[in-house]
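**Q** Just a sequence and a predicted model for now, questions to come.
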Amino acid sequence: MRVNRSITAVVAGSLAVAALSACSNSTAKTGSPSGGSSGVLNVSMPDGASMKDNNNPYLATSAASNYGYRYMIYEPLAMVNLVQPTSKPTPWLATAWTWSPDYKSVTFTVRSGVTFSDGTPMTANDVAYSFSILKQYAALNTNALPITDATVSGNQVTVTFSQSQYVTQAKVLSTFVVPQHIWSKLADPTTDTIANPVGTGPYVLKTFTPQTVTLDVRSSGYWQTPPKVAQLRYSTYSGNDTETTALITGATEWSYVFIPDAKTVFAGRDPHYKLWFPPSLSADGLWFNTTVKPWDNQYLRQAAGMVINRADIFNEGESGYFKPEIDNITGLPSPAGDSFIVSQYKGVNGQQTPDAAKSLLTSHGFTYSGTTLMDPSGKPVTLTVTDPAGWSDYQTDLSIIHDNLATIGINVTIIKADANAWFTAIANGSFQAAMHWSNGGATPYDMYENIMDGAALVPIGQAANSGNYGRFNSPDATAALQQYANATDDATRTAALNTLEQIMVSQAPMIPTSAGNYGAEYSTKHWAGWPDDSNPYAPIQPTITQALDVVMHLSPATS
């Protein structure tokens with residue numbers, strides 16, 4: 001599930017000229033240079049939240065997490081490039097790591113010469129402690145890592161788990177390292193306020209207000225060459241419209257927000273304004289409640305997928321940039337998922353003609369009364385689709401689906417729901433179909449597990465909080481997911497993935513249309529070195545771990 005769905009909601013209406021003129025440019029190169037660093041980078045999000053002065057990196061409710069600046073203060077053991085999920089992670093606080101064949105343990109070699117921002121050396125004990133508190137406090141262990149122990153031997157730390165962590169390697173490597181000499185003195189790290197954060201990262205907290213947070217680059221002691229950006233300024237705006245205004249006027253230079261007609265409204269205004277939205281290994285699309293007739297019929301779901309126009313959804317619903325189109329029949333996006341697509345599905349597009357869809361239907365018991373599709377029991381086929389009224393991207397998608405399904409005789413009713421009621425209905429299974437998203441990760445496992453894992457299957461009326469909202473029941477899919485997660489060799493994983501892709505294609509538990517993304521809007525006016533298609537060294541979204549890697553690559557623009 002998305003961390004914050006509000007960032008993808010479309011703002012109705014256009015920006016007013018008065019609103020544009022009301023926002024001033026605050027990108028002046030200010031700040032105290034340190035170690036070759038100079039200038040300010042303005043970062044913001046459209047959350048509209050007044051944050052509490054808490055900098056606990058593990059709690060999603062803290063200001064450090066909501067703004068994203070926790071990644072500049074606290075560092076991971078390795079940087080994982082989820083834009084290129086098969087690439088090797090970059091050593092960070094660990095110089096090396098070795099997994100056991102069953103992926104139930106990993107041994108880290110801890111980097112020497114690293115100090116926390118208070119001058120205290122970081123040691124292997126700090127790394128072990130950082131895993132130990134995740135084991136001790138479930139509220140901090142947001143990735144639900146099944147840690148059983150963390151032991152130290154010299155400069156090495158061995159972390160053991162109760163089950164294979166093959167599919168969660170990226171999450172393990174991304175674990176923050178916190179200072180034991182500070183955190184061990186907290187009465188309760190799940191509730192105690194971290195007002196003065198101390199980490200190994202290149203930045204320290206300078207000032208905090210509920211709307212703006214300022215970080216300064218460390219004056220000394222950072223273990224690698226300090227970033228060129230002397231100061232980071234994080235702000236929050238009331239919504240997508242004010243966030244877009246800030247981007248257009250230059251008041252902010254780095255954000256993640258949906259902008260209708262972004263190629264004209266934003267990127268077309270200034271050659272320095274850029275959009276880069278690489279796909280994640282995840283899928284948005286039309287989810288079915290597979291317990292509701294006639295949509296419990298896999299051939300009906302397949303036929304629907306054959307006529308849903310992904311290109312129109314991308315160009316109209318997602319403004320041609322925000323969520324990349326998925327055209328492969330497996331639901332795996334390109335290029336992030338290319339290497340995982342088994343040979344029989346490489347280059348196979350899910351889009352077909354209405355005639356082909358009708359042929360599939362009539363060969364499996366469906367008939368036509370005039371132009372109306374009738375199910376095998378003789379009833380007209382209808383579909384009720386629902387999404388929150390304010391999610392205009394999804395509402396546009398539903399309108400496209402309405403017209404697409406009409407080409408094969410299906411009458412679609414669109415319900416614009418209240419957001420809170422919608423979330424409850426999706427969890428409880430009180431819906432027929434909806435545009436929804438899947439989880440994502442470094443392998444297809446997260447996506448497929450979220451869509452069709454029988455371990456998450458609960459009865460209608462009971463909240464499905466961990467996924468499988470469509471109540472898809474396939475013992476073969478569940479077994480293949482377990483096989484993939486626990487395999488100790490690539491051949492077994494490939495066999496499991498082949499099964500999962502076959503089930504996705506043949507049984508169509510949902511119709512993938514668009515990929516999630518690791519994108520951002522940004523400006524090259526003052527800063528150069530951003531990742532893009534020509535150099536996809538990291539995801540560019542400002543509120544994920546790899547944001548630090550992006551900042552480390554930036555340098556003052558020369559023109």
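**A** That came through fine. Residues are numbered from 1 along each chain as shown.
**Q** ok, which stretches of the stretch 101-250 of the chain are strands?
**A** Taking DSSP state E, counting those that start in this stretch as the criterion, the stretch 101-250 of the chain contains strands spanning 105-110, 147-153, 156-161, 203-208, 212-217, 231-236.
**Q** Sorry, slip of the keys, the one I care about is the stretch 301-450 of the chain.
**A** Under the criterion DSSP E, counting those that start in this stretch, strands of the stretch 301-450 of the chain are mapped to 367-369, 372-374, 382-388, 411-417, 433-437.
**Q** now those in CSV, with distance to residue 191, mean pLDDT and mean neighbour count?
**A** All C-beta atoms are positioned from the backbone trio N, CA, C, and that covers glycine. Formatted as CSV, the entries for the strands of the stretch 301-450 of the chain read as follows, by distance: least, CB to CB, whole Å; pLDDT from 0 to 100; neighbours: other CB atoms under 10 Å:
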stretch, distance to residue 191, mean pLDDT, mean neighbour count
strand 367-369, 62, 98, 12
strand 372-374, 56, 98, 19
strand 382-388, 32, 97, 20
strand 411-417, 35, 97, 16
strand 433-437, 31, 97, 24
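**Q** Of all the ones you listed, which one comes closest to residue 143?
**A** Go through these one by one with CB to CB and the one that ends up closest to residue 143 is strand 433-437, at 18.4 Å.
**Q** what's the closest one packed up against?
**A** strand 284-288, strand 382-388, helix 392-406, helix 419-428 (3 or more CB pairs under 8 Å, 6 or more residues apart in numbering; DSSP states H and E).
**Q** Serialize those to a markdown table and add fields for distance to residue 358.
**A** Output for the helices and strands packed on strand 433-437, formatted as a markdown table (distance: least, CB to CB, whole Å):
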| stretch | distance to residue 358 |
| --- | --- |
| strand 284-288 | 19 |
| strand 382-388 | 16 |
| helix 392-406 | 12 |
| helix 419-428 | 30 |
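**Q** Out of those, flag the one nearest residue 67.
**A** Using CB to CB as the measure, helix 419-428 is the one of the helices and strands packed on strand 433-437 that comes nearest residue 67, at 23.0 Å.
**Q** what mean pLDDT does that closest one have?
**A** For helix 419-428, mean pLDDT is 94.
**Q** Buried residues in that helix, which are they?
**A** By neighbour count with 16 or more other CB atoms under 10 Å, helix 419-428 contains the buried residues 422, 425-426, 428.
**Q** Run through the stretch 151-300 of the chain and note the low-pLDDT ranges.
**A** Per-residue confidence for the stretch 151-300 of the chain (pLDDT under 70) gives no ranges below the cut-off.
**Q** Just the closest of the buried residues of helix 419-428 to residue 92, please.
**A** For residue 92, the closest of those turns out to be residue 426, at 37.0 Å, with distances computed as CB to CB.
**Q** List the residues that contact that closest one.
**A** Residues in contact with residue 426 (CB atoms under 8 Å, 6 or more residues apart in numbering) are 434, 436, 469.
**Q** Assess the claim that residue 556 and residue 228 are in contact.
**A** Yes. If you go by CB atoms under 8 Å, residue 556 and residue 228 touch, sitting 6.4 Å apart.
**Q** Pick out whichever of those two has more residues nearby.
**A** residue 228 (22 against 14; other CB atoms under 10 Å).
**Q** re the thing from before, can you tell me which of the contacts of residue 426 is nearest residue 195?
**A** residue 436 (38.2 Å).
**Q** Would you map the helices across the stretch 151-300 of the chain?
**A** Taking DSSP state H, counting those that start in this stretch, the helices of the stretch 151-300 of the chain run over residues 169-173, 180-183, 240-249, 262-265, 298-307.
**Q** number of nearby residues for residue 60?
**A** 11.
**Q** Please disregard the earlier target; I meant residue 191.
**A** 12.
**Q** and it, how far is that from residue 62?
**A** When CB to CB, to the nearest Å is applied, the distance between residue 191 and residue 62 equals 11 Å.
**Q** hang on, the earlier thing: the helices and strands packed on strand 433-437: which one's closest to residue 440?
**A** Distances from residue 440 to each of those were compared by CB to CB, and the smallest falls on strand 284-288, at 10.3 Å.
**Q** Could the C-alpha coordinates of the closest one be exported in CSV?
**A** Output in CSV follows, covering the C-alpha atoms of strand 284-288 (Å, rounded to 0.1, in the frame of the first residue of the first chain):
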residue,chain,number,x,y,z
ASP,A,284,-1.6,-0.3,-10.1
GLY,A,285,-4.6,-1.7,-11.8
LEU,A,286,-8.2,-3.0,-11.7
TRP,A,287,-8.6,-5.3,-8.7
PHE,A,288,-11.6,-7.7,-8.7
